[in-house]
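[1] how would this look folded up:
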Amino acid sequence: MECNEGFIDRAEVARLASARTFLVVDDDDEIRELLCDYLSESGDRVLAAASGSEMWQQLAREPVDLVVLDVMLPGEDGLSLCRQLQAKPGLSVIMLSAKGTAFDRIIGLEVGADDYLAKPFEPRELLARIKAVLRRSARADAAAEQRPDLPQRFAGYRLDPVKRLLTAADGTACTLPRSDFRVLRELLAAPDQVLTREHLTRSAMGRDYTADDRSIDMCISRLRQLLKAAPQGEVQILTVRNEGYLLSLGAADARH
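    This is a model prediction of the structure:
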């Protein structure tokens, strides 16, 4: 369902033509309606869903720029849904939760959320975070577009930047989540060079790094699993203590 229903004038039609589209997913009717009404006031189009199944139905109907996703939902929870949303290119996610501890925030970021907001919160804070996430995403996308879209080959692997598809020498293929793809592209652009977590977070995630943010570490862990099929020593992502990560495409590097 769409939140902002009713008759609109021509000026409103023109404004909506250039508006972004948000999807609010929350099973609390009062919170969902409040957020829909507030976000609609900024001139953006806002859709609503009360469950994961309704969310997928909305996403199947039309493209969405950002999903505001509650963690506690009937059926499949928001964390699981957020993981699945990573396969959708260009889609940002802000998680909402009544749990506001640092651990809960870390989990939300690790599954791919662009930001995490604890309940209760002021709607204006959510709007500010939405704007910040979209700005960061636009910067990251612009940086990615400056690189050629030709497939990259390394150590028997083939990376298709258009489909975000990583194919091994044996033909096994995997579509990378957006964050993992961006991290791998950053590493491939600077082989045998140490890239700090701060750099990778800004370049791949489009946000500033914080000490409790383990998103890059989780991306690296997943990429290491995917690259295990390479002959020993041909490609490794090494941890350089107190510095960051290094992609080695030759013999094993001793700095780990």
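[2] all contacts plus neighbour counts: C-alpha atoms, from now on.
    Will do.
[3] who's in contact with D180?
    By CA atoms under 8 Å, 6 or more residues apart in numbering, D180 lies in contact with 219-220, 222-223.
[4] only the buried subset of these, as a ChimeraX command please.
    Of these, the buried ones go into a single ChimeraX selection, burial set by 16 or more other CA atoms under 10 Å:
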select :219,220,223
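[5] pipe the contacts of D180 into a markdown table and attach pLDDT, distance to W56 and secondary structure per row.
    A markdown table is the format used below for those (pLDDT from 0 to 100; distance: CA to CA, whole Å; DSSP: H, G, I helix; E, B strand; the rest coil):
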| residue | pLDDT | distance to W56 | secondary structure |
| --- | --- | --- | --- |
| C219 | 89 | 25 | helix |
| I220 | 94 | 28 | helix |
| R222 | 90 | 25 | helix |
| L223 | 94 | 27 | helix |
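[6] so what's I220 up against?
    180, 183, 237.
[7] if you could redo that for A155, that was the one I meant.
    230-231, 234-235, 249.
[8] scan those residues and report the most crowded one.
    Neighbour count (other CA atoms under 10 Å) singles out V235 as the most crowded of the contacts of A155, with 23 neighbours.
[9] and the nearest residue to it once chain neighbours are set aside, what pLDDT?
    Closest residue in space to V235, ignoring its immediate chain neighbours: L249 at 4.4 Å, by CA to CA, 6 or more residues apart in numbering. Note for L249: predicted pLDDT of 86.
[10] one more: R139?
    At R139, pLDDT is 69.
[11] ditto for E5
    pLDDT recorded at E5 is 46.
[12] got the contact list for D65?
    Contacts of D65 by CA under 8 Å, 6+ apart are 20-22, 90-92.
[13] okay, who's weakest in the residues you listed by pLDDT?
    G90 (77).
[14] what sits against that residue?
    Going by CA under 8 Å, 6+ apart, the list of residues near G90 reads D65.
[15] so which of the contacts of D65 are in strands?
    With strands taken from DSSP state E, the overlap with the contacts of D65 comprises 21-22, 92.
[16] mind putting these in CSV, distance to Q193 included?
    Formatted as CSV, the ones in strands among the contacts of D65 follow (distance: CA to CA, whole Å):
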residue, distance to Q193
T21, 39
F22, 39
S92, 29
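[17] now these as JSON lines including distance to T175 and neighbour count?
    Listed next are those as JSON lines, based on distance: CA to CA, whole Å; neighbours: other CA atoms under 10 Å:
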{"residue": "T21", "distance to T175": "25", "neighbour count": "18"}
{"residue": "F22", "distance to T175": "25", "neighbour count": "24"}
{"residue": "S92", "distance to T175": "17", "neighbour count": "24"}
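[18] rewinding a little: closest to D192 among the contacts of D65?
    G90 (29.3 Å; CA to CA).
[19] residue closest to the middle of this protein?
    G112 (4.8 Å; CA atoms, centre = their mean).
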